[in-house]
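S.K.: 3D, please:
(one chain, ligands or ions: 1)
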Amino acid sequence: MLLKKLYTLVFLRTDTAILLGLKKRGFGCNKWNGFGGKIEPKETVIEAALRELYEECCVTVKPENLQSIGQLEFTFEGDPMMMDVRVFSATVFEGTPIETEEMNPKWFPYDQIPFKDMWLDDALWFPYMLKGQPFYGKFHYQGFDKILHYSVEELDSMEQFYLKHK
Ligand SMILES: Nc1ncnc2c1[nH]c(=O)n2[C@H]1C[C@H](O)[C@@H](COP(=O)(O)OP(=O)(O)OP(=O)(O)O)O1
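M.R.: Sure, this is the predicted structure:
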């Protein structure tokens, strides 16, 4: 039986750049990624997304400014735990991103996203996120550096997707 753990992943964006953080510890250490993490007991997905964003780069976003843009599911050969990652983006935020214990934030122009220093799957679904196209991606890894199979589907809307996948 497949077990499931929920995570959040938030990207701050401007017209010309996206904010990524260099993870300084734990899972995904030394990779550039969005800001996020595990959902605590009794927290909603949105509450967790906003908390993790603030903890990791000291920026705040109002819930109404968080756009749900994707769902990612990661499985790993030989591991019964599936990572269910809820992806958000925001263009309205308060504060200047600063380095924290967990992340070192940096703005990247859209044509300079450092895919070679990111999770392998990112290059496969970022194009959907960057054009604002809701998406559903599934990736099955062997170890952390090889994708055995994957799919990325365009969705009409995240709301409809979550109604069907409750
Ligand atoms: N393959 C891939 N691509 C893109 N993003 C991710 C992955 N795998 C991932 O885990 N992620 C994202 C999902 C989450 O945003 C983080 C992982 O969360 P993690 O840092 O383990 O959770 P925290 O709750 O912050 O952990 P600690 O505070 O306990 O260190 O990466």
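
S.K.: contacts and neighbour counts: CA atoms only from here.
M.R.: Fine.

S.K.: Spell out which parts of the chain neighbour the ligand.
M.R.: Proximity of the chain to the ligand (CA under 6 Å from any ligand atom) is limited to residues 7-9, 26-27, 35-38, 85, 119, 121-122.

S.K.: Apply 5 Å and report the result again.
M.R.: 8-9, 27, 36-38, 119 (CA under 5 Å from any ligand atom).

S.K.: Buried ones among these?
M.R.: Neighbour counting by 16 or more other CA atoms under 10 Å classes 8-9, 36-38 among those as buried.

S.K.: need the contact list for Leu120.
M.R.: 145-147 (CA atoms under 8 Å, 6 or more residues apart in numbering).

S.K.: CSV for the buried ones among the residues of the chain next to the ligand, including pLDDT?
M.R.: What follows is these, written out as CSV (pLDDT from 0 to 100):
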residue, pLDDT
Thr8, 98
Leu9, 98
Gly36, 98
Gly37, 97
Lys38, 97
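
S.K.: could you pull out the strands for the chain?
M.R.: 3-13, 17-23, 32-33, 67-76, 79-90, 103-109, 135-142, 146-154 (DSSP state E).

S.K.: Single out the most deeply packed of the ones you listed.
M.R.: Highest mean neighbour count among those (mean count of other CA atoms under 10 Å): strand 32-33, with a mean of 24.

S.K.: for that one, packing partners?
M.R.: With contacts taken as 3 or more CA pairs under 8 Å, 6 or more residues apart in numbering; DSSP states H and E, strand 32-33 sits against strand 17-23.

S.K.: follow-up on the earlier one: please produce JSON lines containing the contacts of Leu120, extended by distance to Cys57.
M.R.: Output for the contacts of Leu120, formatted as JSON lines (distance: CA to CA, whole Å):
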{"residue": "Asp145", "distance to Cys57": "27"}
{"residue": "Lys146", "distance to Cys57": "29"}
{"residue": "Ile147", "distance to Cys57": "29"}
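
S.K.: Could you identify the least confident member of these?
M.R.: Model confidence across these bottoms out at Asp145, which has 95.

S.K.: That one: what's it in contact with?
M.R.: When contacts are counted by CA under 8 Å, 6+ apart, Asp145 touches Leu120.

S.K.: Same check on Thr75?
M.R.: 81-83, 139-141 are the contacts of Thr75 under CA under 8 Å, 6+ apart.

S.K.: where's Lys5 relative to the ligand, distance?
M.R.: For Lys5, the distance to the ligand (CA to the nearest ligand atom, to the nearest Å) stands at 10 Å.

S.K.: hey, which helix is longest across this protein?
M.R.: In the chain, taking DSSP state H as the definition, the longest helix is helix 45-57.
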